[in-house]
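> predicted coordinates and the sequence they were generated for:
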Amino acid sequence: RLARALEGASDKGELKRGPRALEEALRQLEDRLAAAAGGGGEEVAVAAAAMLMQPMKTAEYCLNGGGNTHHYALNVPFYTHFTSPIRRYADVLVHRSLALLLAHPSPAGEVPASALPPLAELAECVRSCNEKKLAAKGAQEASQNAYLASYLEAHPTDAPAVVFGVGAKSMSVAVPGMGLDARLFVDDMPRVTCAFNDAAQELTLRTAAAGSGAAQDAGGKRRRGVPDTCRFDELRLTLLSRVVVHLSARRDPLLRVCVSLVGGRE
């Protein structure tokens, strides 16, 4: 369904013409995705964005000639940070490089080798910038998750979600209202067994009656702390299926957001 929705969307060349063209192209894509899934454009767009971002490698700084300098989102061959030297050391490096060029003007734009810092020193600065950037991002995400987990510990709730990936024993869901996504494992679901149709990319879930042998077997496989929230007899899941998930918090030992499957929805 996603492939059909992408067919006939705005020409990719429009994405190079500026923010208005990009906004219009994304709006058309959202409408097509919504039609492919039978409505719910905003939810489907969030799921589609999650799918498109999955294969993307985390952006990193590199020396010119020492890596892939192409900027994926802006579709430009070169891109650099520049405007925040008070909080990003990478910007300071770029400012110093520009200062060297201005201090040694030449038709070819070359700086004498004697004026340049050792390449190994620059490479170490770039490595450190990447390391600190990744650590800062991790700390920010951990802080946001801790705040959300603290709220959900006191206010657990059900929320609409959209499936953006299915596997033999798992599914990935996006929860637009909370700005998060999660991977749910069948082995974590008490009383649930599954069958996967690889050709159709469809995961079928079935729940067993409480107290039955199948329920005890399924419950024995689940990870500690995941609540039994499934409220369905049989549920078939494919790409862009709409589901309901339960959001709560658990300690293991840190307080973490817990996402568990409830059932399907129209």
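It's in. Numbers count the residues shown, from 1 in each chain.
> all helices of the stretch 101-250 of the chain, in order?
Using DSSP state H, counting those that start in this stretch, the helices of the stretch 101-250 of the chain run over 119-154, 213-221.
> out of those helices, nearest to residue 257?
Nearest to residue 257, of all the helices of the stretch 101-250 of the chain, is helix 119-154, at 4.8 Å by C-beta to C-beta. In this view, the C-beta of every residue, glycine as well, is placed from N, C-alpha and C.
> list the buried ones in that closest one?
125-126, 129-130, 133, 145, 148-149, 152-153 (16 or more other C-beta atoms under 10 Å).
> rebuild those as JSON lines, extending it with distance to residue 180.
Supplementary listing: those in JSON lines, determined by distance: C-beta to C-beta, whole Å:
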{"residue": "125", "distance to residue 180": "34"}
{"residue": "126", "distance to residue 180": "31"}
{"residue": "129", "distance to residue 180": "28"}
{"residue": "130", "distance to residue 180": "25"}
{"residue": "133", "distance to residue 180": "22"}
{"residue": "145", "distance to residue 180": "8"}
{"residue": "148", "distance to residue 180": "7"}
{"residue": "149", "distance to residue 180": "11"}
{"residue": "152", "distance to residue 180": "11"}
{"residue": "153", "distance to residue 180": "16"}
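> least reliable of the helices of the stretch 101-250 of the chain going by mean pLDDT?
Set side by side, those give their lowest mean pLDDT on helix 213-221, at a mean of 42.
> which intervals of the stretch 1-150 of the chain have sub-threshold pLDDT?
In the prediction, the stretch 1-150 of the chain carries residues with pLDDT under 70 at positions 1-27, 29-45, 48-56, 65-67, 73, 109.
> could you redo the last one with a cut-off of 90?
Low-confidence regions of the stretch 1-150 of the chain, defined by pLDDT under 90, span residues 1-81, 87, 97-120, 122.
> let me see the ranges of the strands in the protein.
Remark: strands of the chain, listed N- to C-terminal, are 157-166, 170-175, 180-185, 192-197, 202-207, 234-237, 242-251, 255-264; assignment by DSSP state E.
> can you put the ones you listed in TSV and add mean neighbour count, mean pLDDT and distance to residue 59?
As requested, the strands of the chain are exported to TSV (neighbours: other C-beta atoms under 10 Å; pLDDT from 0 to 100; distance: least, C-beta to C-beta, whole Å):
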stretch	mean neighbour count	mean pLDDT	distance to residue 59
strand 157-166	20	92	21
strand 170-175	22	92	21
strand 180-185	17	91	19
strand 192-197	16	94	34
strand 202-207	18	94	32
strand 234-237	16	94	32
strand 242-251	19	93	29
strand 255-264	20	93	25
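> these: which one's closest to residue 81?
Ranking these by distance to residue 81, with C-beta to C-beta as the measure, places strand 180-185 first at 26.7 Å.
> what comes into contact with the closest one?
Around strand 180-185, the neighbours that count as contacts under C-beta atoms under 8 Å, 6 or more residues apart in numbering are 50, 148, 164-165, 169-175, 223, 245, 257, 259-261.
> the helices of the stretch 101-250 of the chain into a markdown table, with extra columns for distance to residue 79?
Conversion of the helices of the stretch 101-250 of the chain to a markdown table gives the following (distance: least, C-beta to C-beta, whole Å):
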| stretch | distance to residue 79 |
| --- | --- |
| helix 119-154 | 15 |
| helix 213-221 | 46 |
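> so which of the ones you listed is nearest residue 77?
Closest of these to residue 77 is helix 119-154, at 18.7 Å (criterion: C-beta to C-beta).
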